[in-house]
Structure formats: structure tokens, C-alpha cells
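J.: got a sequence here, can you model it:
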Amino acid sequence: GAAGLWRESFELYNDMRINGVRPTSHTYSALIRGGAKGGRVGAAAAAALVDDMRADGLNPDVPVASALICAYGVLGQFTNAERMLHAVEAVTAAAYNAAPGAEAVRGGYRSGGDGGG
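T.: Alright, predicted model coming up:
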């Protein structure tokens, strides 16, 4: 079934590594999410990818963290899932809080008044 396809994606990932193709966060997100759909074995393989990702100089972004939450949930590692959730919330809040400042610098945000531009 489809749940076994995660193994094929991990084989492709290994081929990428052998051929010197560096994975992106999108690659890791897809692998982790696919692995999480493969039951406990797939989820464990998915969670183990974090070490590879960090070795590649990548930190979990929101899509990767979301996929990891799924994998940790399958594994029953609810503390790790909660830790990822809080990390996602922190990143999202920081981005949300930075948006008005970026708009002000760009000249598109006005505080007060009618809120229009």
C-alpha cells in the first residue's frame, strides 16, 4: 500500500546523498511527513533525519516542524511533539510581530487614523 512508499522515498534520498545532491528543507519536510505515514518504523526513520538536516546546516522550519510533530505523535513522543509545536508558535509569532515593522519600512503601514493607505 501507499504506507510503504516512504521506504522508496528514503532510498531516493540516499541516492541523492551518494550523488552529492544536497537536500533542502522541502526535501526533509516531504521525507519526514512521508515517513510519519509509515507507522512507527517510518516515523522513527523520519525523526532520525533531524541529525542529517542539522549536519547540512539546516534548522527545522515551520513545514519541517509540522511534519516532525506528526512523526513524534506516531511514536508517542508527545514531549518532543509539544517542543516542536512551541518552536513553531515562536517562529510564527516572531514573523507576525515583524510584519508591521517591515511594512512601515516599506512605507505601506500606517498606525492609527483610518487604517488606510
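J.: of all residues in the protein, which one is nearest the centre?
T.: The residue lying closest to the centre of the chain (CA atoms, centre = their mean) is residue 64, at 1.0 Å.
J.: pretty sure it sits against residue 27.
T.: No: with contact defined as CB atoms under 8 Å, residue 64 and residue 27 do not form a contacting pair (9.8 Å). For the C-beta atoms, the positions are set from N, CA and C on the backbone; glycine is no exception.
J.: list the contacts of the residue nearest to the centre of the chain.
T.: Contacts here follow CB atoms under 8 Å, 6 or more residues apart in numbering; on that basis residue 64 touches 25, 28, 29, 32, 53, 58.
J.: measure how buried the third one is and give me the count.
T.: Translated: residue 29. Residue 29 has 22 neighbouring residues, counting by other CB atoms under 10 Å.
J.: who are the contact partners of residue 84?
T.: 60, 65, 66, 68, 69, 72.
J.: so which bits of stretch 58-73 are buried?
T.: Of all the residues in stretch 58-73, those buried under the rule 16 or more other CB atoms under 10 Å are 58, 60, 62-72.
J.: redo those as a markdown table? Include secondary structure.
T.: Conversion of these to a markdown table gives the following (DSSP: H, G, I helix; E, B strand; the rest coil):
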| residue | secondary structure |
| --- | --- |
| 58 | coil |
| 60 | coil |
| 62 | helix |
| 63 | helix |
| 64 | helix |
| 65 | helix |
| 66 | helix |
| 67 | helix |
| 68 | helix |
| 69 | helix |
| 70 | helix |
| 71 | helix |
| 72 | helix |
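J.: nearest to residue 45 among those residues?
T.: Distances from residue 45 to the buried residues of stretch 58-73, taken as CB to CB, are shortest for residue 71 (8.9 Å).
J.: quick one on the thing from earlier: okay, among the contacts of residue 64, which ones form the most distant pair?
T.: Using CB to CB, the two most remote members of these are 32 and 58, lying 12.1 Å apart.
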